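Visitor: Kindly generate the corresponding structure for this input.
(2 chains)
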Amino acid sequence: GAVVSQHPSWVICKSGTSVKIECRSLDFQATTMFWYRQFPKQSLMLMATSNEGSKATYEQGVEKDKFLINHASLTLSTLTVTSAHPEDSSFYICSANSGPNQPQHFGDGTRLSIL
Amino acid sequence: DAKTTQPPSMDCAEGRAANLPCNHSTISGNEYVYWYRQIHSQGPQYIIHGLKNNETNEMASLIITEDRKSSTLILPHATLRDTAVYYCIVRAWGSNYQLIWGAGTKLIIKP
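Guide: Take a look at the predicted model:
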């Protein structure tokens, strides 16, 4: 149980385009999901906390107009990287709590490469 | 959330027990110790968590000292597939608080 699915796993696109990443909790409902970014050989850095039915809470330094988060249902959160540039190339990972007293479970990540 | 300190890297022979230490000397009474691991190019995988008692599941054992200032994750029979970065994190229970990720320990299992 407690499976989080992330799609796509790998995307390559041209500079200036927008990219949407989906994060789904397959066998549980998640009122809160988290979006992380990880650069090579570095640890995970939290970008934002996504709450179902309300606005996401962004960490300091993360542009909310560039990284659009939508959490329209209890099983789906999306991260859209708008007008992506090469510096946005990174490994993006989502996670979700499977219950009020359960650990976070993670998707397998999306490797984004902007040319 | 309390900070944790882990060695940057460790080696272990395949088939032997891998013991990964973690210091969390500023842990609060309501904070649990969580362990995750991240295999290269994958999302983190939850391993185990505990408050003050030792815990065991199908993946590992967690030994927490009586003063709760440190803990050890034990992989009883390490395999090559256990090569990963292991993260020790402390966090209050029953919350949606973020996990604070340190640098972790790069565990390399050698044949």
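
Visitor: Nearest to chain B within chain A, name that residue for me.
Guide: A:Phe106 (3.7 Å; C-beta to the nearest C-beta). Every residue, glycine included, has its C-beta placed from N, CA and C.

Visitor: Count the residues that sit near A:Pro8.
Guide: Neighbour count of A:Pro8, defined by other C-beta atoms under 10 Å in any protein chain shown: 12.

Visitor: Can you name the residues that contact the most centrally placed residue in chain A?
Guide: Geometric centre of chain A, nearest residue: A:Trp35, 3.7 Å, by C-alpha atoms, centre = their mean. Neighbour list for A:Trp35: A:23, A:46-50, A:67, A:69, A:77, A:79, A:92-94 [criterion: C-beta atoms under 8 Å, 6 or more residues apart in numbering or on different chains].

Visitor: Just these: which are in strands?
Guide: A:23, A:46-50, A:67, A:69, A:77, A:79, A:92-94 (DSSP state E).

Visitor: Looking at those, which gets the smallest pLDDT?
Guide: The lowest pLDDT within the ones in strands among the contacts of A:Trp35 belongs to A:Ser50, which sits at 87.

Visitor: what's the neighbour count on that one?
Guide: When neighbours are defined as other C-beta under 10 Å, A:Ser50 has 26 of them.

Visitor: Quick check: residues of chain B near chain A?
Guide: Applying C-beta under 8 Å from any C-beta of the partner chain, we find that chain B lies next to chain A at B:34, B:36, B:41-46, B:49, B:87, B:93-94, B:96, B:98-99, B:101-104.

Visitor: Is A:Cys94 bridged to anything, and to what?
Guide: Note on A:Cys94: beta-bridge partners by DSSP bridges are A:Trp35.

Visitor: just the strands in chain A please.
Guide: Using DSSP E, strands in chain A cover A:4-7, A:10-13, A:19-25, A:32-38, A:45-51, A:57-58, A:67-73, A:76-81, A:90-97, A:104-106, A:110-114.

Visitor: ok, the nearest residue to A:Ser90 once chain neighbours are set aside - contacts?
Guide: Nearest residue to A:Ser90 in three dimensions, chain neighbours excluded: A:Arg37, at 4.9 Å (C-beta to C-beta, 6 or more residues apart in numbering or on different chains). A:Arg37 makes contact with A:44-45, A:47, A:90-93 under the criterion C-beta under 8 Å, 6+ apart.
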